[in-house]
Structure formats: C-alpha cells, structure tokens
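Asker: sequence and predicted structure below; questions after.
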Amino acid sequence: MIKIKKVLNSSVVLVEDEEQKDFILFGKGLGYGRKVGDTVERKSADQIYMSVDNPKAKELIHLIDSIPNIYLSLTQDIVAHAEKQLGTKLNSGIYFTLMDHLHFAVERHQKNINITNRVYWEIKNYYTVEFEIGTYAVDLLNRALKVDFPKEEAANIAFHLINAQSEESSSRAGMNYAKLIGAIVNMVRYSLNISMDKESIHYTRFITHVKFFVERFYEDKLLVEKDNLLFNQIATLYPNAMEVAFKVKSYIEQVHEKEIPNDELTYLAVHIHRLMNQDELNDK
C-alpha cells in the first residue's frame, strides 16, 4: 500500500511508497475526497507513476496547478487510447508535454495563431497509426472544448506520441525521425522511378523497415556484424537494389556524418528489391 502526501487535484496525488520514495500518481478520480495519510491501492491498469526525481515532475506539478483539470483528463484519455492502439507503454513524460501542448494549442486557436507543422505530410504518411490517434484526439478536443481544430493538429499530437515512444529525450526527435524517413523514401522512389502501391504489403514492409532503421540510427543501435557473407550475397543477387541502398548510405553519411554499416545496407537492399519487383511478387 502507498500513502498520500498531498492531493494535487481530483486525479493526481503525491504519494510515498513502501520504501519511502515519493511519486506523482495519476488516475481518474484518484484524489477525489482523499486526504493526506490515506492509503491508495496499487492498480497498474489505470494508474500512472512518475518519480519526483524525474526532471519533468516539478514542471508537471506547476502545470497541473496552472491550467484547468479538463486538460489532464483529456490527456489521460488520449494516452490510454494511444497505448491501446500502439500496443506499448509511452514514456511518462508524455503527460507533461501533451497536456502543455493541448493547453497552448487551444490558446493559439482562440487567437487565430496558426503554426505550420513542417513534417505534416511525412507524419501523416509514415506514422499512420500515430496520425490516426491524433485525429481521434482532435475529435475529442473539438467535442470537449467546443473548438474546431484543423486537420494539421492531428500531426502535432502525433509528433508528441512519436517522441514518447523514443528513448531520445530531445523534443526534436519526432521531427528528425519524420524528416529522415521522408528523405530515404523519396530517394528510393525517385531512384527506382516506379509508382509505389501504398496499399501493397511490400510498401508497408518497406516503410516499417525504414522507420525501425531511423530509430536505430538516432539511438546509436545500428546493426553491425563482422561477417559480410550475407552482404556479399545480396549485392551479387540484387545489384540494382544495392546500388540504390548505397545512394541512401552516401546521402546519410554526407548529411549526418555517421557511417552506415553493411548489415543495414543488406536489409535495406532486400526491401528495395521487393519494391522493384512488387508486381512479379504479387502474382506469386
């Protein structure tokens, strides 16, 4: 059991666990009618913990005190929906960043201030699940707050969801990911000079592979093996696909000054080959 040290609002309390460590605890109606010293039962399914040692904790407490409770409630609904759709837990910092974003977005909207999302197209096309969650969130906000957000706001919310899945702490992660994904896909598309069927399984697998590659790239977890046997085999079997993969390698190394290992080229070439031969593969 854990004890309440302070009730921040009807859904957020400051608690102390069995080891006398302090946490901020979120849960709908959690603080309603509670007082200092009351015990709270652990229910991981609908409660979120954030250590007070988290750099965002103090900012979060200040934010909770300074904006209407509706924004926390909306944030909890959006995060719960996102975790269900994505099949993963999001970084707890999303409660601070998303709640702050929603509050500021409404202020901007009411003042007719429109800030363009520079990677709207990339997020919509390459982070389709996150964008659909963003659309869900926009509908929720429009109904609850009586506003009329434009479709671009779905990408802004998706941007925060992308960041919350990443180990990178920078708030620029989502933009960096989307821009690099877009650059790679465009380079492959123009190099192949073919129309890509975005509904095909081969295109979907290609996009998924590129997304995971970009995540590995920014998290310094690129695939590296000392044995080049598979690389040599793929280079021999699919020389045209490997040539395009090398164009991607040259671009990334020139722009980001970071070497791309042969293992990454191998798997990229395999997916490029499937795109090049998607009509033939579809017939099999």
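Answerer: Done, it's in.
Asker: please parse the protein into its domains.
Answerer: Using automatic domain parsing, the domain parsing of the chain gives 2-53, 69-165, 196-283.
Asker: just the ones you listed: most buried one?
Answerer: With neighbours taken as mean count of other CB atoms under 10 Å, those reach their highest mean count in domain 69-165, at a mean of 18. C-beta coordinates here come from the backbone N, C-alpha and C atoms, glycine included.
Asker: quick one: distance of that domain to the chain centre.
Answerer: Put simply, domain 69-165 sits 11 Å off its chain's centre (CA atoms, centre = their mean, to the nearest Å).
Asker: what is the mean pLDDT for that domain?
Answerer: Regarding domain 69-165, the rounded mean pLDDT is 89.
Asker: that one: end-to-end distance?
Answerer: Across domain 69-165, the terminal residues are separated by 25 Å (CA to CA, to the nearest Å).
Asker: hmm, back to that, of the domains of the chain, which is nearest Leu63?
Answerer: domain 69-165 (5.9 Å; CB to CB).
Asker: I figured Phe149 hits Arg143, correct?
Answerer: No. If you go by CB atoms under 8 Å, Phe149 and Arg143 don't touch, sitting 10.9 Å apart.
Asker: one step back: how about the domains of the chain in TSV, adding distance to Gly174?
Answerer: Below are these laid out as TSV (distance: least, CB to CB, whole Å):
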stretch	distance to Gly174
domain 2-53	21
domain 69-165	4
domain 196-283	11
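Asker: could you point out which of the ones you listed sits nearest Glu59?
Answerer: domain 69-165 (6.0 Å).
Asker: ranges for the helices of the stretch 1-150 of the chain?
Answerer: Applying DSSP state H, counting those that start in this stretch to the stretch 1-150 of the chain gives helices spanning 57-66, 69-86, 94-110, 120-126, 128-145.
Asker: nearest to Ser10, out of these?
Answerer: Between the helices of the stretch 1-150 of the chain, helix 69-86 lies closest to Ser10; by CB to CB that is 6.6 Å.
Asker: now the closest one and helix 57-66, what's the angle there?
Answerer: Here the directions of helix 69-86 and helix 57-66 differ by 130 degrees (axes from the mean of the first three to the mean of the last three CA atoms, to 10 degrees).
Asker: quick one, helix 69-86 and helix 94-110 angle?
Answerer: Counting by the same axes, to 10 degrees, helix 69-86 points 120 degrees away from the direction of helix 94-110.
Asker: show residues contacting helix 69-86.
Answerer: Helix 69-86 is contacted by residues 9-12, 26, 28, 48, 64, 89-90, 94-95, 98-99, 102-103, 129-130, 132-133, 136-137, 140-141, 144-145, 157, 161, 165 when judged by CB atoms under 8 Å, 6 or more residues apart in numbering.
Asker: the same query, at a cut-off of 7 Å, please.
Answerer: For helix 69-86, the surrounding residues in contact (CB atoms under 7 Å, 6 or more residues apart in numbering) are 9-12, 26, 28, 64, 89-90, 94-95, 98-99, 102-103, 129, 133, 136-137, 140-141, 144, 161.
Asker: which positions in the longest helix that the chain contains come out as buried?
Answerer: Secondary structure of the chain per DSSP state H: the longest helix is helix 173-192. For helix 173-192, the neighbour count (16 or more other CB atoms under 10 Å) marks 173-178, 180-185, 187-188, 191 as buried.
Asker: that older thread, ok, which of the domains of the chain comes nearest Leu60?
Answerer: Leu60 lies closest to domain 69-165 among those, at 4.5 Å (CB to CB).
Asker: ok, back up a step: centre of the chain to the helix or strand following the longest helix of the chain, how far?
Answerer: Going down the chain from helix 173-192, the next helix or strand is helix 201-218, by DSSP states H and E. A distance of 14 Å separates the centroid of the chain from that of helix 201-218, by CA atoms, centre = their mean.
Asker: ok, the residue sitting nearest the centre point of the chain - contacts?
Answerer: What sits nearest the mean C-alpha location of the chain, by CA atoms, centre = their mean, is Ile162, with 1.1 Å. The contact partners of Ile162, taken as CB under 7 Å, 6+ apart, are Tyr127, Glu130, Ala173, Gly174, Tyr177.
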